[in-house]
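# No sequence on hand, only this structure:
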């Protein structure tokens, strides 16, 4: 069994941002030498998400509206968590979007349908944060 | 290490539908010959979900009501994504239900509690779509 | 390839409760002898969740408020599932929080960022329920 580990670093300009990381994950798969296996991709932080969906700007605006409707950022004092912090909404938003994704590797490549793209979903950005890529297989 | 890959095809009659695929996944596990490992099951499309819950019709109606409440299909023009398409709600619904599931394989079988069942959750159906089954283990 | 399996048992005092199980999972990783691999942690029940977030009481209150807002427990008769049962909301809440988590194992330890903690999320408690820990790797 082979294994591979890499950290990807991000510092988004805005509090909330979606970054397409599909190419970076493809490069990790190639570097790992794994032909058949699984790749786990997850943020190492609890106010961010890794998820798979469409790379379409309109949809990303719809996600923003949807998330703000069910877990709004403001007013900050609506959340118990926001004593010294202001990011309770980011913890909730990341939960809705999911923490991690697991993707199949087949013949040395991400085994994807035609529109699947991997995103880093930031909900409390403007600071350095990491994504972990872990691959196991053969 | 052994690996196994299969695509399951679906074409649901309705826009939204839940299909119990537990038996198909059990058959994949058997065919793989893997005794100890993991099975990843995910749609290869971004408007569908694979999730684990109860095979109970009342609950499935409750899921429909719940999803329509927080991410309604109509009016279509409430979503930026719906310029040429009408399925923004399906992208949101699949996000809430989750993309994929990972299940343990123990002694050659799905390692499940008494009520766990695997479902294909379709949110933009009436056309051919695929689910990927990937197994690794020994 | 090595594999390891363990069941953890819980009986919470309240209907809804979050239990930090990070130490128990660390012990499983150690006991497995796996240095590089993946650990899957999932409830074997469909009204509970395993998720990763912050061990902060204010945030846990915020999760309770958030979940009750979008999938309220009462009135029970708002749900089709609640003919003989009263736990439809628990099925929905577990869906929002997610069923399972997959975590990387690196050099024999959970490969975590500084604040990541694993929780058992109970939404229909006061009875004995199980969590499955499955590890594969080398």
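Yep, it's here. Since we're looking at a predicted model, the values are computed, not measured.

# Local confidence estimate at the closest residue to residue A:8 other than its chain neighbours?
Computed as Cβ to Cβ, 6 or more residues apart in numbering or on different chains, the closest residue to residue A:8 that is not its neighbour in sequence is residue A:131, at 4.4 Å. Glycine gets a C-beta too; all of them are placed from N, C-alpha and C. Per-residue pLDDT puts residue A:131 at 98.

# and the host helix or strand of residue A:131, which strands flank it?
In the assignment (DSSP states H and E), residue A:131 maps to strand A:129-137. As defined by DSSP bridges, the strand partners of strand A:129-137 come to strand A:2-10 (antiparallel), strand A:37-43 (antiparallel).

# how far does stretch A:80-88 sit from the chain's center?
22 Å (Cα atoms, centre = their mean, to the nearest Å).

# contact partners of it?
A:47, A:76, A:79, A:91, A:123-124, C:54, C:56-59, C:61-62 (Cβ atoms under 8 Å, 6 or more residues apart in numbering or on different chains).

# neighbours around whatever residue of chain A ends up closest to chain C, how many?
Nearest to chain C, among the residues of chain A, is residue A:44, at 2.9 Å (Cβ to the nearest Cβ). Each residue near residue A:44 was counted by other Cβ atoms under 10 Å in any protein chain shown, and the total is 18.

# before we move on, what about residue A:83?
Look at residue A:83: counted by other Cβ under 10 Å, it has 12 neighbours.

# For the closest residue to chain B within chain A, which residues are in contact?
Per Cβ to the nearest Cβ, residue A:113 is where chain A lies closest to chain B, at 2.9 Å. Residues in contact with residue A:113 (Cβ under 8 Å, 6+ apart) are B:43, B:44, B:45, B:46, B:130, B:132.

# quick one on the thing from earlier: for the strand holding residue A:131, buried residues please.
A:129, A:131, A:132, A:133, A:134, A:135, A:136, A:137 (16 or more other Cβ atoms under 10 Å in any protein chain shown).

# partner residues bridging the fourth one?
If I follow you right, that is residue A:133. Counting by DSSP bridges, residue A:133 is bridged to residue A:6, residue A:41.

# follow-up on the earlier one: between the contacts of stretch A:80-88, identify the one with the most neighbours.
Going by other Cβ under 10 Å, residue A:123 tops the contacts of stretch A:80-88 with 27 neighbours.

# Can you name the residues of chain A sitting close to chain C?
Applying Cβ under 8 Å from any Cβ of the partner chain, we find that chain A lies next to chain C at A:1, A:3, A:5, A:38, A:40, A:42-46, A:70-71, A:79-83, A:88, A:91-92, A:94-96, A:98-100, A:102, A:130, A:132, A:134, A:136.

# can you do 6 Å?
Contacts of chain A with chain C, taken as Cβ under 6 Å from any Cβ of the partner chain, map to A:1, A:3, A:5, A:40, A:44-46, A:70, A:79-81, A:88, A:91-92, A:99, A:102, A:134, A:136.

# in a helix, that's where residue A:127 is, yeah?
No. Counting by DSSP: H, G, I helix; E, B strand; the rest coil, residue A:127 falls outside a helix, being coil.

# any idea how far it lies from residue A:13?
When distance is defined by Cβ to Cβ, to the nearest Å, residue A:127 is 11 Å away from residue A:13.

# quick one on the thing from earlier: wait, the residue nearest to residue A:8 sits on residue A:43?
Yes. Assessed by Cβ atoms under 6 Å, residue A:131 is found in contact with residue A:43 at 5.4 Å.

# circling back: please narrow the residues of chain A next to chain C to those residing in helices.
Judged by DSSP state H, the subset of the residues of chain A next to chain C located in helices is A:70, A:88, A:91, A:92.

# which residues does residue A:11 contact?
Residue A:11 makes contact with residue A:128, according to Cβ atoms under 6 Å, 6 or more residues apart in numbering or on different chains.

# ditto for residue A:70
Counting by Cβ under 6 Å, 6+ apart, residue A:70 makes contact with B:70, C:70.

# near chain B, which residues of chain A show up?
Counting by Cβ under 6 Å from any Cβ, chain A sits next to chain B at A:1, A:36-37, A:52-54, A:58-59, A:61-62, A:66, A:70, A:102, A:104, A:106, A:113, A:115, A:138.

# Let's see which of the residues you listed end up in helices.
A:58, A:59, A:61, A:62, A:66, A:70.

# Geometric centre of chain A: which residue is closest?
The residue lying closest to the centre of chain A (Cα atoms, centre = their mean) is residue A:50, at 1.8 Å.

# Nearest spatial neighbour of that residue, chain-adjacent residues omitted?
Closest to residue A:50 by Cβ to Cβ, 6+ apart is residue A:41, at 4.8 Å.

# can I assume that neighbour is in contact with residue A:132?
No. Using Cβ under 6 Å as the test, residue A:41 is too far from residue A:132 to be in contact (7.3 Å).

# list residues touching both of those two?
Common neighbours of residue A:41 and residue A:132, counting by Cβ under 6 Å, 6+ apart, are absent.

# Return the residues in contact with the residue nearest to residue A:8.
Per Cβ under 6 Å, 6+ apart, neighbours of residue A:131: A:8, A:43, A:120.

# Tell me who's in contact with the second one.
So the one you mean is residue A:43. Taking Cβ under 6 Å, 6+ apart as the test, what residue A:43 contacts is A:50, A:131.

# Let's see that with 10 Å instead.
A:8, A:10, A:49-50, A:94, A:99-100, A:120-123, A:129-132, C:52, C:113, C:116 (Cβ atoms under 10 Å, 6 or more residues apart in numbering or on different chains).

# No more questions from me, cheers.
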